[in-house]
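Participant: Below is the structure, and that's it, no one-letter string:
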């Protein structure tokens, strides 16, 4: 029933090129807490699943540009993050094994010539300045069939990529300059409700409650009342569910910037009083995110504790998808963080998910066995991917339109 339902959804909506979903498994609840349409951790996947990635990316490329031979891969600008650059190298290798010629076109403003960067793995990548000629982009000696973004566009849509003839995936409109987490989770709420109705379960079991404060300025203490009100309302709402299910936990919420990634601008809150009268250090932490962008809107999201741990460190699963296929994932592990805290922070480590068989349940085994738990991860992650697809549609743009 689940797989048939999923198939019908992808007949109605354009599947994102790729995505990663951060999940939290509380035992009593399994829910997404963030969805990234420009995933940056392919290097953390189990190498055994590389053939899956190659097959899936062939399907993804065919959707965007069936006759594609050359791909211009556009990475993030932060060249000092060697972990991220290893992700770029891995993604480049996946594309090459799928039969593509791949070059890296950089958006770094002062990059004038091809620049090779050596990686700790022993490999290297070469960044080259993007050149635009009319309505096409490429490199000095490379005219690609399509552009693949691995840059979340927090700083905005780059003018050099606007209104070009080549297809771009994901679409420019899917960047964090345009997306809002509150919009994504509003769509996910609708998806989860429909899915839960089909299965006959309470949608809360897979859907985190949330609220949003759209006008906030941490430096000037503006919007604190809205924030405190949302926190109080959500804590009461979560508490009522805990009573309904006999859950012996103290409710908490996560307050985070309504756009952006990299675990910036996030705080755990257990009482409404904690968001009024923040000290200077707390306000500075919440006021700015990636690319130095000021936070003017925050999402207040139900906190889902994680009961999973690896080597005595708190862990959360991150699931990776290319096209509509789950291609692997990893546990984000943080020894210095608690089960009710954000793990996407400096000091996090990554342990590949040991999918025994990718996304295939074992109906003869208990619900909590590894294949079935990983299948559940894949289902909820794909629901978030579906929500992202609908979200991008509602932003008024699709990959085909770009």
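Facilitator: Nice, I can see it. None of these values were measured; they are calculated from a predicted model.
Participant: Now do the helices in the chain.
Facilitator: Secondary structure of the chain (DSSP state H): helices at 2-12, 50-64, 82-97, 181-199, 224-245, 280-287, 370-394.
Participant: ok, so what distance separates residue 8 from residue 62?
Facilitator: Using CB to CB, to the nearest Å, residue 8 is found at 21 Å from residue 62. Backbone N, C-alpha and C define where each C-beta goes, glycine included.
Participant: likewise residue 140?
Facilitator: 28 Å.
Participant: Which one's more surrounded, those two?
Facilitator: residue 62 (13 against 9; other CB atoms under 10 Å).
Participant: which residues does that one contact?
Facilitator: By CB atoms under 8 Å, 6 or more residues apart in numbering, the contact set of residue 62 is residue 68.
Participant: can you tell me how far it sits from residue 167?
Facilitator: Distance of residue 62 to residue 167, given as CB to CB: 12 Å.
Participant: What of residue 227?
Facilitator: Where residue 167 is concerned, residue 227 sits at a distance of 41 Å (CB to CB).
Participant: more crowded one of those two?
Facilitator: residue 227 (24 against 19).
Participant: hang on, isn't the more buried one packed against residue 216?
Facilitator: Yes - counting by CB atoms under 8 Å, residue 227 does reach residue 216; the two are 6.6 Å apart.
Participant: shared neighbours of these two, which are they?
Facilitator: Common neighbours of residue 227 and residue 216, counting by CB under 8 Å, 6+ apart, are residue 298.
Participant: what's the burial count for the nearest residue to residue 146 once chain neighbours are set aside?
Facilitator: What sits nearest to residue 146 in space, not counting adjacent residues and going by CB to CB, 6 or more residues apart in numbering, is residue 65, at 4.3 Å. Residue 65 is flanked by 19 other residues according to other CB under 10 Å.
Participant: what do you get for the one 5 residues further on?
Facilitator: Other residues within reach of residue 70, judged by other CB under 10 Å, total 17.
Participant: Okay, the residue minimising distance to the centre of the chain and residue 168: tell me how far apart.
Facilitator: The centroid of the chain falls nearest to residue 36 when counting by CA atoms, centre = their mean (1.9 Å). The gap separating residue 36 from residue 168 is 17 Å, by CB to CB.
Participant: Show me which positions of stretch 42-50 end up buried.
Facilitator: Neighbour-count burial for stretch 42-50, counted by 16 or more other CB atoms under 10 Å, picks out 42, 43, 44, 45, 46, 49, 50.
Participant: swap that for stretch 150-161, please
Facilitator: 150, 151, 152, 153, 154, 155, 158, 161.
Participant: again, but for stretch 235-255
Facilitator: 235, 238, 241, 247, 249, 251, 252, 253, 254, 255.
Participant: Next step: those residues restricted to strands.
Facilitator: 253, 254, 255 (DSSP state E).
Participant: Tabulate those in CSV, adding columns for distance to residue 134 and pLDDT.
Facilitator: As requested, those are exported to CSV (distance: CB to CB, whole Å; pLDDT from 0 to 100):
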residue, distance to residue 134, pLDDT
253, 50, 93
254, 46, 91
255, 46, 88
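Participant: Tell me how far the residue nearest to residue 86 when sequence neighbours are not counted lies from residue 345.
Facilitator: Counting by CB to CB, 6+ apart, the nearest residue to residue 86 once its immediate chain neighbours are dropped is residue 43, at 4.0 Å. Here the criterion is CB to CB. By it, residue 43 lies 19 Å from residue 345.
Participant: circling back: contact partners for the residue nearest to the centre of the chain?
Facilitator: 19, 20, 21, 22, 152, 261.
Participant: If any of the residues you listed are buried, put those into a PyMOL selection.
Facilitator: Selection of buried members from the contacts of residue 36 for PyMOL, criterion 16+ other CB under 10 Å:
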select buried, resi 19+20+21+22+152+261
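Participant: want to throw the contacts of residue 36 into a markdown table with distance to residue 133 and pLDDT?
Facilitator: Shown next, in a markdown table, are these (distance: CB to CB, whole Å; pLDDT from 0 to 100):
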| residue | distance to residue 133 | pLDDT |
| --- | --- | --- |
| 19 | 31 | 97 |
| 20 | 33 | 97 |
| 21 | 37 | 97 |
| 22 | 39 | 95 |
| 152 | 26 | 92 |
| 261 | 32 | 60 |
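Participant: for the contacts of residue 36, which one is nearest residue 134?
Facilitator: residue 152 (27.0 Å; CB to CB).
Participant: Hmm, residue 39 and the closest one touching each other?
Facilitator: No - in this structure, residue 152 is not within contact of residue 39 by CB under 8 Å, at 9.5 Å.
Participant: hey, where'd the strands end up in the stretch 301-402 of the chain?
Facilitator: Applying DSSP state E, counting those that start in this stretch to the stretch 301-402 of the chain gives strands spanning 309-310, 313-322, 325-334, 349-352.
Participant: and residue 388, which of those is closest to it?
Facilitator: Evaluated over these, closeness to residue 388 peaks at strand 313-322, with 9.9 Å, by CB to CB.
Participant: Tell me the helices and strands packed up against the closest one.
Facilitator: On a contact count with 3 or more CB pairs under 8 Å, 6 or more residues apart in numbering; DSSP states H and E, strand 313-322 meets strand 18-25, helix 50-64, strand 325-334, helix 370-394.
Participant: before we move on, the earlier item: closest to residue 174 out of the helices of the chain?
Facilitator: Across the helices of the chain (criterion: CB to CB), the nearest stretch is helix 370-394, sitting at 5.3 Å.
Participant: quick one: low-confidence parts of the chain?
Facilitator: Of all residues in the chain, those with pLDDT under 70 make up the ranges 217-223, 260-265, 279-280, 282-293, 354-359, 396-402.
Participant: run the last query once more with 50
Facilitator: For the chain, the stretches flagged by pLDDT under 50 are 398-402.
Participant: Now that residue 102 has come up, it's in contact with residue 74, right?
Facilitator: No - Residue 102 is beyond contact range of residue 74, at 11.2 Å (criterion: CB under 8 Å).
Participant: Between those two, which has more neighbouring residues?
Facilitator: Under the criterion of other CB under 10 Å, the comparison of residue 102 against residue 74 puts residue 74 first, with 24 against 18.
Participant: Alright, that wraps it up for me.
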